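*Asks:* Sequence plus predicted model, see below.
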Amino acid sequence: MKFNAPAVIGGLFAVYLVFVAIVMLTHESTPNNMDWDDRQVYNLQTISTLDLGQAKKEVIELLGQADFSEAKQGIEGAMTVLFYRTHRKNSDGETTRDECTPLLFMNDKLIAWGTDTYEQYLSSPTKEL
């Protein structure tokens with residue numbers, strides 16, 4: 001029996017191509033498993049497609065887990081702010097709130113996002129529980 005190197009190499013290459021195709025077709029990239037730089041670009045692009053009134057659950061499905069969050073009981077209902085990293089200020093390896101875009105929800109519906117959103121949240125009156 002003769003060893004046929006080209007046939008063996010060709011067979012191994014074919015197996016490798018099948019493996020790569022399976023991984024490419026079945027692997028789902030989600031925001032939670034992206035590198036920080038890919039994720040901040042993804043967050044920025046995705047936030048630009050959001051609509052006012054969108055459900056908080058739907059936004060979290062699109063953007064993944066928030067980098068920071070806050071909540072309080074407002075006079076008109078529950079208020080939540082989710083912070084998503086969208087830009088880098090310091091190359092220190094840490095994500096800070098000033099590197100994030102805040103998304104403001106009232107009763108689990110998106111009502112605002114952007115730099116002034118967090119100020120709206122902080123200045124809104126709270127309801128005593």
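*Replies:* That came in fine, so what should we check first? Numbering: from 1, shown residues only.
*Asks:* Name the next helix or strand downstream of the top helix by length along the chain, please.
*Replies:* For the chain, the longest helix by residue count, based on DSSP state H, is helix 5-26. Counting by DSSP states H and E, the element after helix 5-26 in chain order, helix or strand, is helix 36-47.
*Asks:* what's that following helix packed up against?
*Replies:* Helix 36-47 is packed against helix 56-63, strand 77-85, strand 100-106, with contacts defined by 3 or more CB pairs under 8 Å, 6 or more residues apart in numbering; DSSP states H and E. Using the backbone N, CA and C atoms, a C-beta is placed for each residue, glycine as well.
*Asks:* Give me the pLDDT for residue 93.
*Replies:* Looking at residue 93, its pLDDT stands at 71.
*Asks:* remind me which residues of the protein are low pLDDT?
*Replies:* Applying pLDDT under 70 to the chain flags the ranges 1-3, 23-29, 90, 92, 129.
*Asks:* which residues does the residue nearest to the spatial centre of it contact?
*Replies:* Among the residues of the chain, the one closest to the centroid is residue 63, at 2.9 Å (CA atoms, centre = their mean). Counting by CB atoms under 8 Å, 6 or more residues apart in numbering, residue 63 makes contact with 31, 43, 46-47, 82, 84.
*Asks:* Nearest to residue 105 among these?
*Replies:* Minimum distance to residue 105 across those is 7.2 Å, recorded for residue 82 (CB to CB).
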